Every structure is written in structure tokens, then in C-alpha cells.
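In: 3D model of this:
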Amino acid sequence: MSMFKIFDTAASGMSAQSVRLNLVASNMANVDNVSSSIDETYKARHPVFAAMLNQVNPDEPATGVQMKGVVESKAPLNMEYAPDHPKANEEGYIFRPNVNIVEEMANMISASRSYQGNVEVVNTTKKLMTATLRLGE
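Out: So this is what the prediction gives:
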């Protein structure tokens with residue numbers, strides 16, 4: 001593996017974690033949304049990632065990560081009886097998103113730490129390359 005491939009691999013990881021953080025932020029921003037029907041209610045969204053395999057030699061290790069898409073959570077929505085709420089349906093129910101704030105906080109911490117880890121990989125590689133170039137002085 002080329003020394004410069006390390007930067008590509010770390011950059012793909014940073015990009016993936018950035019997308020993950022954006023989705024967590026979106027989920028947390030919509031946690032208090034209320035709707036009168038299941039179809040209109042915000043559903044938690046999560047990224048789907050896959051390893052990027054070497055196209056020339058698939059037996060080599062993965063060279064990064066790529067986003068395959070975004071999926072909506074299949075967890076049930078929170079239905080609440082609130083007949084006085086302005087968005088209550090005919091039966092008096094409102095629907096809240098299926099966002100689990102504790103899970104989202106854990107995802108946020110995990111994504112942030114993964115991003116920081118990739119930054120450290122880049123910084124360490126840069127220091128090692130600089131030290132290698134100084135050997136010839």
C-alpha cells in the first residue's frame with residue numbers, strides 16, 4: 001500500500017463520520033416534532049456504510065469506507081393521547097418520532113471519536129513522512 005493511500009483511507013473515514021454526525025444532528029433536531037398521522041411523522045435516519053475493496057485485487061485489505069445510503073428506523077413511533085393538542089387526530093392521538101435521544105448521544109460520541117481517530121492517523125502519518133524526509137539531511 002502506498003504511503004499516500006493512508007490519507008485517502010483516513011479521509012474516507014472522516015467523510016463517513018461527518019455524514020453520521022449530520023444524521024445524528026438531524027435526528028436530535030426533530031426529536032420534539034409532533035404530527036397527526038403516522039405517514040407525516042419524522043422517522044429516525046441512520047447511515048449504511050460499506051468497506052471499499054480494492055478493484056484490482058479484491059484479496060487486499062479494504063482501502064476505506066463508503067456510504068451506501070440512509071435508512072429510516074423501523075422502530076415504532078411514539079403515539080400519545082393528547083385530545084387538546086392542535087395536531088391531534090380524530091381519535092385524539094398525536095405521533096412523535098421514534099428517535100431515542102440516548103442512542104443518538106451514543107452515536108454522536110462514537111462518530112466524534114472515530115473522526116478524531118482518523119485525524120490522528122493523518123497527523124501521525126504526516127509526522128512520519130516528515131521525519132523520513134529529514135533522514136537524508
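
In: so what's Val122 up against?
Out: Applying C-beta atoms under 8 Å, 6 or more residues apart in numbering to Val122 gives the contacts Ile6, Phe7, Ala10, Ala11. (C-beta placed from N, C-alpha, C; glycine too.)

In: 6 Å instead?
Out: Contact analysis of Val122 by C-beta atoms under 6 Å, 6 or more residues apart in numbering lists Ala10.

In: before we move on, which element is it in?
Out: According to DSSP states H and E, Val122 maps onto helix 101-134.

In: tell me the buried residues in that helix?
Out: Glu104, Asn107, Met108, Ala111, Ser114, Tyr115, Asn118, Val121, Val122, Thr125 (16 or more other C-beta atoms under 10 Å).

In: now do stretch 67-84
Out: Ser73, Leu77.

In: can you check the distance spanned by that stretch, start to finish?
Out: 43 Å (C-alpha to C-alpha, to the nearest Å).

In: now the nearest residue to Phe95 once chain neighbours are set aside: how far from Ala106?
Out: Nearest residue to Phe95 in three dimensions, chain neighbours excluded: Thr41, at 4.3 Å (C-beta to C-beta, 6 or more residues apart in numbering). Taking C-beta to C-beta, to the nearest Å as the measure, Thr41 falls 23 Å from Ala106.

In: do a quick rundown of the strands in this protein.
Out: 45-51, 65-72, 78-81, 93-96 (DSSP state E).

In: redo those as CSV? Include distance to Val19.
Out: Output for the strands of the chain, formatted as CSV (distance: least, C-beta to C-beta, whole Å):
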stretch, distance to Val19
strand 45-51, 6
strand 65-72, 6
strand 78-81, 26
strand 93-96, 25
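
In: mind putting the ones you listed into CSV with mean pLDDT and distance to Thr132?
Out: CSV is the format used below for those (pLDDT from 0 to 100; distance: least, C-beta to C-beta, whole Å):
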stretch, mean pLDDT, distance to Thr132
strand 45-51, 95, 28
strand 65-72, 94, 27
strand 78-81, 94, 56
strand 93-96, 95, 56
